[in-house]
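In: below: sequence and its predicted model.
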Amino acid sequence: MAEYDYDGAYNVVEYAYNIFPEEQMLGEMLDVIKEYLEVDMSSSYYATYDLGDMIAAELGLYGY
């Protein structure tokens, strides 16, 4: 399986779990994979910088 291919991993493990439902390890793996699939990556994060203050500090100017 490709790295970070959680959908593919879930499908494979779910298929195996349907064949071997008594295997507790497969059920646990499905729970772990579900947690990764539920992570919401739709939010965007950003940081703002006041370049004037940063440049002034580099020049040794404070409280300009």
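Out: Thanks, I have the structure now.
In: pretty sure residue 6 is in contact with residue 38, am I right?
Out: No: the pair residue 6 / residue 38 is not scored as a contact, 9.9 Å apart, by Cβ atoms under 8 Å. Just so you know, the C-beta spots here come from the backbone N, C-alpha and C atoms, and that holds for glycine as well.
In: so the two - more neighbours on which side?
Out: The residue with more neighbours, out of residue 6 and residue 38, is residue 6; 17 against 8, by other Cβ atoms under 10 Å.
In: residue contacts, that one?
Out: Shown in contact with residue 6 (Cβ atoms under 8 Å, 6 or more residues apart in numbering): 33, 36, 37.
In: ok, for it, nearest residue in space, not its chain neighbours?
Out: Among residues not flanking residue 6 along the chain, residue 36 sits closest, at 4.7 Å (Cβ to Cβ, 6 or more residues apart in numbering).
In: residues of whichever strand or helix holds that neighbour that come out buried?
Out: For residue 36, the host element (DSSP states H and E) is helix 24-37. Under the neighbour-count criterion of 16 or more other Cβ atoms under 10 Å, helix 24-37 has 26, 29, 30, 33 buried.
In: thinking again about what came up before, what is the nearest of the contacts of residue 6 to residue 19?
Out: Taking Cβ to Cβ as the measure, residue 19 sits nearest to residue 33 out of the contacts of residue 6, at 17.0 Å.
In: now the helices for the protein?
Out: Using DSSP state H, the helices of the chain run over 6-19, 24-37, 51-58.
In: same question for the first one, mean pLDDT?
Out: Spelled out, it's helix 6-19. Per-residue pLDDT over helix 6-19 has a mean of 92.
In: please state the offset of that helix from the chain centre?
Out: Chain-centre distance of helix 6-19: 20 Å, with Cα atoms, centre = their mean, to the nearest Å.
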